[in-house]
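> Predicted model, plus sequence, below.
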Amino acid sequence: MDTITYEIIRSSLYAIAREMKVATTRTAGSPIIHSGGDASAAIFDAEMQLVAQGNDIPTMLGSAVISTRISVEAIGKENLRPGDVIISNDVYLGGGNHQSDVQFTRPVFVDDQIIAFTMTRGHWSDIGGQSPGSYATDTWDIFGEGVRIPPVRLYRNDEVVEDVQTLILQNTRDPETRLLDVQAQYAGCYVGDQRLIALARKYGAQAIAATAKRSLDHSESLMREALRKIPDGVYTAEDEINAVFIDGGNPQTVPIKVKITKTADEIEFDYAGSGRQVRGGINCPFSVTCNSTWFIVKAITDVSIPINQGCYRPVTIKAEPGSILNCEFPISVVSGNTETSPRVIDMLMTALSQAVPYRVIGQSNCAACAGVFSGSDPDMERVARTRRKLASFIDVHGGGMGARQTRDGVSAIRVYVGNAGAQTVEGIEQTYPLLVREWSLVPDSGGAGRQRGGLAAKRVYEVLYDEATFTVAGERENQPPLGQDHGMAGSPFTSHILRADGSDETVRGRGGQIIVHKGDAVLVQPAGSGGFGNPGERDHALVLADLADGYITRQSAIRDYGVPPSVLDGEND
């Protein structure tokens, strides 16, 4: 195949994946999908290897390397027919990342042969379980986190299997909205199917297969070349994760450890010595640990390498079964995917700072920091408009991304394996019984440094429900994000409820649902991030600019950056 044809087909595969994501998000019912973009799409070859993906949610796409193969093998590739669509979300039977993320997998047939698979995955705003919104971390086991869907066919011959759909939807709290999510993800897979068939009709199925193989091999070659530039050696690091359940009134922690062995064009990550799995949803399935590892390899090498499964071939990953980083049935996992996973990435950067200090950053907020409200909507006009009495709202919150060697960190952002956005104030207030009182950057939440850490953004919601549940999954409540190369730490996670009677209640980042009432105000503030380099080396002009922008306070300018009060007073004059 000539190079021009190869590039046309290869680029078309990535374009199709992006179009699949658009088709999904435009029609989904969950606002976190259609507004926050918490969905992903990808194309796999006939051997279930990831060959093209959109710029979507890394944790969904990395784990899909495992879950797509498991989904197809569970049904049997030989048993699949045109128009089949497999649904799955189960962590243990389907290789998923957590049960709120539901995967659809569709075989693409040309002349009675499977030439590819299309995949969509979306975060459903409720999947059942013990708490509305399906995001409580204080679950006893996986059954408290929502309905488990092993790989089963939800569509046959492009017709929905009504019994299966009914069983799934009626185990969620808002089946009407979930139906829209089902139809949206089916649409995404169908769009990919039709585009691939058209591509095969134009260039031939063999050309698509040859392009996939060449693309995988090319990315592998580029990754091996990039790995050769990293010094050989053994690099280690360790950290600890807060447990969910408190023993004797004292917060318990679980160790995580890694030994990275870099040799020539290969790299091995061994997580031996990490703590055993624990009660509560902070454990990582092996698919999530793999994704965190693949993410850091891509981040420290070359971001221009086309992303596909070939990038992961030089990487070996080991984690002890039954550990917090390779948990076993029936332990719960919901926050392992969104909070423990980025903590693993921060640990990996600590280890790799010994090898590639110019490629790492200060520690970050490390959380989706998902806040969930759920209750009956008291506004009958809105109920009539939305056709939804139960208003279950989930929002992710942006914290700080750590400072880099040559640049400040990024403020108010999801980091690492998360790529979803916060919902708009207008959308929230039009659709849910909530009023957003404040959405603002938090001064001094970014760690001081030669390069300043990114700031956290806090949101304050006024509750308009008569009664609702509130759940939040925060991270770095007790371990603030540290800086690199003498940079200072950022602020920790915090959440409070200011009751209508004036009392103030602290909300744990590792907890269950709390009842809120009309007039209560709920604050959610993710962690900030660490700085990079000695704060005393920061240009005073930059410090003064940060002060003028409200990123830091006067006290921080004097205390952390060493700017004399006379300079500050002169600037104010």
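Looks like it arrived, so ask away.

> okay, now the closest residue to Glu19 other than its chain neighbours: neighbour count?
Using C-beta to C-beta, 6 or more residues apart in numbering and skipping the chain neighbours, the partner closest in space to Glu19 is Val191 (5.9 Å). C-beta here means a position set from N, CA and C on the backbone, and glycine is covered the same way. If you count neighbours by other C-beta atoms under 10 Å, Val191 ends up with 20.

> all helices of the chain, in order?
With DSSP state H as the definition, the chain shows helices at residue ranges 3-27, 31-34, 58-75, 91-94, 162-169, 175-203, 205-228, 286-300, 341-352, 380-386, 425-431, 540-549, 554-559, 565-572.

> Ok, which of these comes nearest His496?
Among the helices of the chain, helix 425-431 comes nearest to His496, with 19.2 Å by C-beta to C-beta.

> tell me which residues in that closest one are buried?
By neighbour count on 16 or more other C-beta atoms under 10 Å, the buried set for helix 425-431 is Ile428, Thr431.

> State the mean pLDDT of it.
Mean pLDDT, helix 425-431: 93.

> what do you get for stretch 473-492?
For stretch 473-492, the mean per-residue pLDDT is 94.

> Can you tell me the closest non-neighbouring residue to the most centrally placed residue in the chain?
In the chain, the residue lying closest to the centroid (C-alpha atoms, centre = their mean) is Gly418, at 2.8 Å. Using C-beta to C-beta, 6+ apart and skipping the chain neighbours, the partner closest in space to Gly418 is Ala368 (5.3 Å).

> Would you confirm that that neighbour contacts Ala420?
Yes. Counting by C-beta atoms under 8 Å, Ala368 touches Ala420, with 7.4 Å between them.

> out of these two, which sits in the busier spot?
The residue with more neighbours, out of Ala368 and Ala420, is Ala368; 31 against 23, by other C-beta under 10 Å.

> What's the separation between Arg366 and Ala52?
If you look again at residue 366, you'll see it is Cys, not Arg. Noted for Cys366: a distance of 29 Å to Ala52, by C-beta to C-beta, to the nearest Å.

> what about these two, which has more around it?
Neighbours were counted for Cys366 and for Ala52 using other C-beta under 10 Å; Cys366 has more, 32 against 27.

> Let me know the pLDDT of that one.
Per-residue pLDDT puts Cys366 at 93.

> And it, how far from Ile413?
Distance, Cys366 to Ile413, by C-beta to C-beta: 12 Å.

> Name the residues contacting each of those two.
Jointly contacting Cys366 and Ile413 under the rule C-beta atoms under 8 Å, 6 or more residues apart in numbering are Gly399.

> Does Lys318 have any beta-bridge partners, and if so which?
Beta-bridge pairing of Lys318 under DSSP bridges involves Asp270.

> again, but for Glu266
Beta bridges link Glu266 to Thr263, judged by DSSP bridges.

> Ok, Ile43 next?
Judged by DSSP bridges, the bridge partners of Ile43 are Ala52, Thr118.

> Tell me who's in contact with it.
Ile43 sits next to 13, 16-17, 50-53, 116-119, 192, 196 when contact means C-beta under 8 Å, 6+ apart.
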